[in-house]
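Novice: Sequence plus the predicted model coming up.
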Amino acid sequence: MTSTNTATTPEQIVGDLIDAVVPDDVTMLEVRDVARVLNVTDRAVLYLLQDHRLSYIRTGKRGYRVPRVLLAEYLLQSFIPRQLTAAEQQLAETQQAIQEATDRLSELTARIAVAEAELGLTDASPPRGRSTQTVP
């Protein structure tokens with residue numbers, strides 16, 4: 001099992017999520033195990049199985065087993081892309097806000113330079129604050 005602090009890829013994150021609920025040596029998960037991994041009810045898992053959104057192996061008339069690999073595949077296809085999409089959208093919005101703020105700052109800097117030129121303020125103006133000159 002990979003430490004949660006070192007999981008960097010979606011595959012590692014999904015692997016850690018499954019490993020936190022089910023031991024590594026279990027390759028076929030029962031409905032209740034899948035429900036614990038997904039943090040949903042057993043009934044919700046059965047709906048996923050019946051709708052063929054989550055692949056499974058039938059064991060008997062009412063028995064279902066989900067191979068660990070197929071659950072990881074489902075998680076990668078269903079949940080991780082949505083989280084990445086949301087993060088990418090938030091990043092794009094943040095970048096847009098930064099660009100707008102930068103444009104506004106440039107505009108304000110240009111207006112200040114024009115105002116200083118109109119008022120005759122230049123870089124040669126004496127510094128404000130305490131003078132360092134000595135008086136004889």
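Specialist: Structure received.

Novice: What are the buried residues along stretch 92-101?
Specialist: Within stretch 92-101, no residue counts as buried by 16 or more other CB atoms under 10 Å. Placement of C-beta: from N, CA and C, glycine included.

Novice: swap that for stretch 59-73, please
Specialist: By neighbour count on 16+ other CB under 10 Å, the buried set for stretch 59-73 is 64, 65, 66, 68, 70, 71, 72.

Novice: what would the residues you listed look like in a markdown table with secondary structure?
Specialist: As requested, the buried residues of stretch 59-73 are arranged in a markdown table below (DSSP: H, G, I helix; E, B strand; the rest coil):
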| residue | secondary structure |
| --- | --- |
| 64 | strand |
| 65 | strand |
| 66 | strand |
| 68 | helix |
| 70 | helix |
| 71 | helix |
| 72 | helix |
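
Novice: quick one: which of the residues you listed is nearest to residue 90?
Specialist: residue 72 (25.7 Å; CB to CB).

Novice: residues touching residue 114, list them.
Specialist: Applying CB atoms under 8 Å, 6 or more residues apart in numbering to residue 114 gives no contacts.

Novice: Roughly how far does it sit from residue 107?
Specialist: According to CB to CB, to the nearest Å, residue 114 stands 11 Å off from residue 107.

Novice: which helices and strands sit right next to the helix or strand of the chain with the lowest mean pLDDT?
Specialist: Lowest mean confidence among the helices and strands of the chain (mean pLDDT, DSSP states H and E): helix 10-21, at a mean of 83. Applying 3 or more CB pairs under 8 Å, 6 or more residues apart in numbering; DSSP states H and E, one finds that helix 10-21 makes contact with helix 31-38, helix 68-78, helix 80-119.
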